[in-house]
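1. okay, sequence plus prediction incoming.
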4 protein chains.
Amino acid sequence: MTTPVDPDGGSARERILAAAEELFAARGFDATPTSRIAERAGVPKGLVHYYFTRKPDLLGALVERLPRERVDRAAVIVPGDVTQSLCRLVAMLDEMLAASATLSHLLWREADTHPAVRDALHERFDRLVEVIRDVVVGAREGDERGVETVALLLASAVSYRHSVTRHAGDESAARAEMTRELRFLADALDAGVS
Amino acid sequence: MTTPVDPDGGSARERILAAAEELFAARGFDATPTSRIAERAGVPKGLVHYYFTRKPDLLGALVERLPRERVDRAAVIVPGDVTQSLCRLVAMLDEMLAASATLSHLLWREADTHPAVRDALHERFDRLVEVIRDVVVGAREGDERGVETVALLLASAVSYRHSVTRHAGDESAARAEMTRELRFLADALDAGVS
Amino acid sequence: MTTPVDPDGGSARERILAAAEELFAARGFDATPTSRIAERAGVPKGLVHYYFTRKPDLLGALVERLPRERVDRAAVIVPGDVTQSLCRLVAMLDEMLAASATLSHLLWREADTHPAVRDALHERFDRLVEVIRDVVVGAREGDERGVETVALLLASAVSYRHSVTRHAGDESAARAEMTRELRFLADALDAGVS
Amino acid sequence: MTTPVDPDGGSARERILAAAEELFAARGFDATPTSRIAERAGVPKGLVHYYFTRKPDLLGALVERLPRERVDRAAVIVPGDVTQSLCRLVAMLDEMLAASATLSHLLWREADTHPAVRDALHERFDRLVEVIRDVVVGAREGDERGVETVALLLASAVSYRHSVTRHAGDESAARAEMTRELRFLADALDAGVS
DNA sequence: TATGAATGAGGTTTCATTCAT
DNA sequence: AATGAATGAAACCTCATTCAT
């Protein structure tokens, strides 16, 4: 009934994780039976508990798979042009985050009840603030005034959108808005606001 | 085991809703048995289903209870001072939202799987953007340049923080950050950024 | 949702019985909640148990309502013509039984588990055999040979059809068959078979 | 409390079906908890739903088990002697039906509410009419006059008795009656009635 | 006389987990 | 290493029945 995960998509263990990711994101952790995960992964029911003794272990393994996005600052920064730098950063982040969209959405949902998940999420937000700050400071060649505030604002906006993407509809409109916002912030910095 | 809701806190129906709100927010909808809701509300198990035939009906009733925050624009706007106006607005919103903090956090979590919840949340975000815009334009006495962007940025920041409040720790620090951010945005507008 | 029994159709007590009859016949005794009976009768839930303390009391009252069909032998018998006599008898029985079709069907179903119902049903079968015998003997002016057997055969056929009417489809075809059968039996008697 | 089904009586699945058959026949489908079926079969409660996801699936499986009685016409027909042929047929049917007496009684009860059951029952009735017709025509060496009527009458009588056996008492008396009836019908045919 | 809120026992069903193979 | 039959705790929900009004 459910479209199975590509049967040749890696090892059984891998397929189980992929199935869990999709189903957890779609219906939530508690509402997803391990039996359905097995079914969707195309493996026997026993195998799920063979690899992941308890159900929460699946979440743990999923967190491990969160890509540690390493942004190459140098590749993004356009010296003297904050707007352009942020545009390139956001584009790169979008790409990275899109690759793990369902995963991060699901983690978002389960952050409350699973501390390991919550920590991973906070860590990611902090990394996000940091990279934005680095890029802004880099583009402004050392001027740090106002940068912290802008980083937080932008990180909030990116995170908010990312976490809500699932519900929202028009993606290109969202991207246009995002561009307007970061240009606004960049212009503000250029105007000396802090 | 669980601390029961104040037994004199209104009708049985009311106590059931209060208990559901707390428990859903704490552990999630699916992880909360109706029996525990009854226990916490200090009512017999059957009464929960007497008032709310199916479990999701509890969510529905909870959404009904979301306060329709009506912000009196005139009471907030300080003509000519966007920063001050936004400060007062955010303070008022904080107060309003704090009253329904657990409720909105829980709705946030369940938005994916319960369309009624999702719609209520989107509606609330839209109202948030609108009131911010009104206040900014009011304070700037009609100047609308840049206002939409600022409204979206600020609404994102408010929503993000509000939805994550539960995980985060230091509330006063969060408030200070928020103040810095809205001042930044106000200054940017004053500097003519758009 | 359910089409209510005619609200002016007699007293509340009467309407409750009518609703119970329909619902019991349609879905069975155990599968029919008293609340649905109340709903269909257009009376408050408490009233059902006010009139009929326990649910099985409804069945008891329904059995009471079984019409004690009194067949006037003289009005049916055509002296010397068994076939015609039986035709008239069956027609009369059909009419009588049709009036209580749903009721007797439901009793049929519940006969196993409710002794009072079972007894009422056996009693009715015996009365059926008796009246057939009387009519046949009356028509044959005293000749009793073979009559008992014919009475049993015909009573079985009538009962079988009547109890199955609910499932079967074509009623007029059933009637035609029945006519053929009783003519066969009458002819057999005329031919001296016993 | 309930006498358990013979614990060595086949597989667990088999024992569950046997227990369900007995209990459904005794108290009806709706009045029999699956928990009691498990108890009687001597298996844990969960196993019932492991094999039969929903309760009605038990009925479905029971219908599957209805023996498709294949009557060997040649072994029954006594050429030229309709009475004797029918006697042998009825004896054989009695034996066959006795083996599934409780089962068919229960199906009879539940025919209204479970279409699959109803269909199985109608099918069985049609097979019954057919085999009677074949036997009568076979014994009369091709003479088909009156045979359809006799077949229907006899099938009704057999079915009626079979379905009511549960309530009735004296089985040997019932058999004697049946013999008298089929002799009557056979004689009628011999006498040229149609 | 009539009502409907309230109760709690008990029904069906789901599911994580175990374990013999 | 892999399997799937088996288990039983516990979830959701229904409903006859009671009772204060």
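-> Perfect, I can see it now.
2. need the residues of chain A near DNA strand E, please.
-> Near DNA strand E, the residues belonging to chain A are A:31-35, A:45-46, A:48-50, A:53-55 when assessed by C-beta under 7 Å from any atom of the strand. Heads up, the C-betas are built off the backbone N, CA and C, glycines and all.
3. hmm, who's touching the lowest-mean-pLDDT helix or strand in chain A?
-> Comparing every helix and strand of chain A by mean pLDDT, DSSP states H and E singles out helix A:101-110 as the least confident one, with a mean of 80. When contacts are defined by C-beta atoms under 8 Å, 6 or more residues apart in numbering or on different chains, helix A:101-110 is touched by residues A:21-22, A:24-25, A:28-29, A:59, A:62-63, A:65-66, A:97, A:117, A:120-121, A:124, A:162-163, A:165-166, B:109, B:112.
4. what does stretch A:13-28 give?
-> A:5-7, A:9-10, A:32, A:36-38, A:40-43, A:47-48, A:51-52, A:58-59, A:61-62, A:65, A:102-103, A:105-106, A:109-110, A:166, B:28-30, B:112-113.
5. cool, stretch A:83-99 as well?
-> Stretch A:83-99 is touched from outside by A:67, A:69, A:71, A:76-78, A:104, A:128, A:131-132, A:135-136, A:138-139, A:154, A:158, A:162, A:175, A:178-179, A:182-183, A:185-187, with contacts defined as C-beta under 8 Å, 6+ apart.
6. and the helices in chain A, which stretches?
-> A:12-27, A:34-41, A:45-51, A:55-64, A:73-76, A:82-99, A:101-110, A:115-139, A:147-164, A:171-190 (DSSP state H).
7. next, the buried residues of the last one.
-> Using 16 or more other C-beta atoms under 10 Å in any protein chain shown as the test for burial, helix A:171-190 gives A:174, A:177-178, A:180-190.
8. show me which of the residues you listed is closest to D:Arg145.
-> Nearest to D:Arg145 among the buried residues of helix A:171-190: A:Ala174, at 85.4 Å, using C-beta to C-beta.
9. okay, now the nearest residue to the closest one once chain neighbours are set aside: neighbour count?
-> With C-beta to C-beta, 6 or more residues apart in numbering or on different chains as the measure, A:Arg161 is the residue that lies nearest to A:Ala174, at 6.0 Å, once sequence neighbours are left out. The number of residues packed around A:Arg161, counting by other C-beta atoms under 10 Å in any protein chain shown, is 21.
10. again, but for A:Asp134
-> Other residues lying near A:Asp134 total 17 when counted by other C-beta under 10 Å.
11. which residues touch it?
-> Counting by C-beta under 8 Å, 6+ apart, A:Asp134 touches A:Arg73.
12. try it again with 10 Å
-> Residues in contact with A:Asp134 (C-beta atoms under 10 Å, 6 or more residues apart in numbering or on different chains) are A:71, A:73, A:76-77, A:89, A:147, A:151.
13. my guess is the residue nearest to A:Ala174 contacts B:Ala157. True?
-> No - A:Arg161 lies out of contact with B:Ala157 (C-beta atoms under 10 Å); the separation is 11.9 Å.
14. coming back round to it: ok, the residue nearest to A:Ala174 to B:Arg133 distance?
-> 19 Å (C-beta to C-beta, to the nearest Å).
15. ditto for A:Val136
-> As for A:Val136, its distance to B:Arg133 is 26 Å (criterion: C-beta to C-beta).
16. ok, the two, which is more surrounded?
-> A:Val136 (25 against 18).
17. which residues touch the more buried one?
-> A:Val136 makes contact with A:77, A:82, A:85-86, A:89, A:143-144, A:146-148, A:150-151, A:154, A:185-186, A:189, according to C-beta under 10 Å, 6+ apart.
18. same question for the least confident helix or strand of chain A: list its buried residues.
-> Taking 16+ other C-beta under 10 Å as the basis for neighbour counts, the residues of helix A:101-110 that come out buried are A:102-110.
19. which residues of chain A lie near chain D?
-> Chain A comes close to chain D at no residue, as judged by C-beta under 10 Å from any C-beta of the partner chain.
20. tell me where the model's unsure across chain A.
-> For chain A, the stretches with pLDDT under 70 are A:1-9, A:163-169.
21. nearest to DNA strand F within it, name that residue for me.
-> Minimum separation of chain A from DNA strand F (C-beta to the nearest atom of the strand) falls at A:Gly46, amounting to 2.3 Å.
22. and that residue, what does it touch?
-> Shown here is A:Gly46, whose contacts under the criterion C-beta under 10 Å, 6+ apart are A:Ala38.
23. so A:Glu123 sits against A:Leu66, correct?
-> Yes - the pair A:Glu123 and A:Leu66 passes the contact test of C-beta under 10 Å, sitting 9.2 Å apart.
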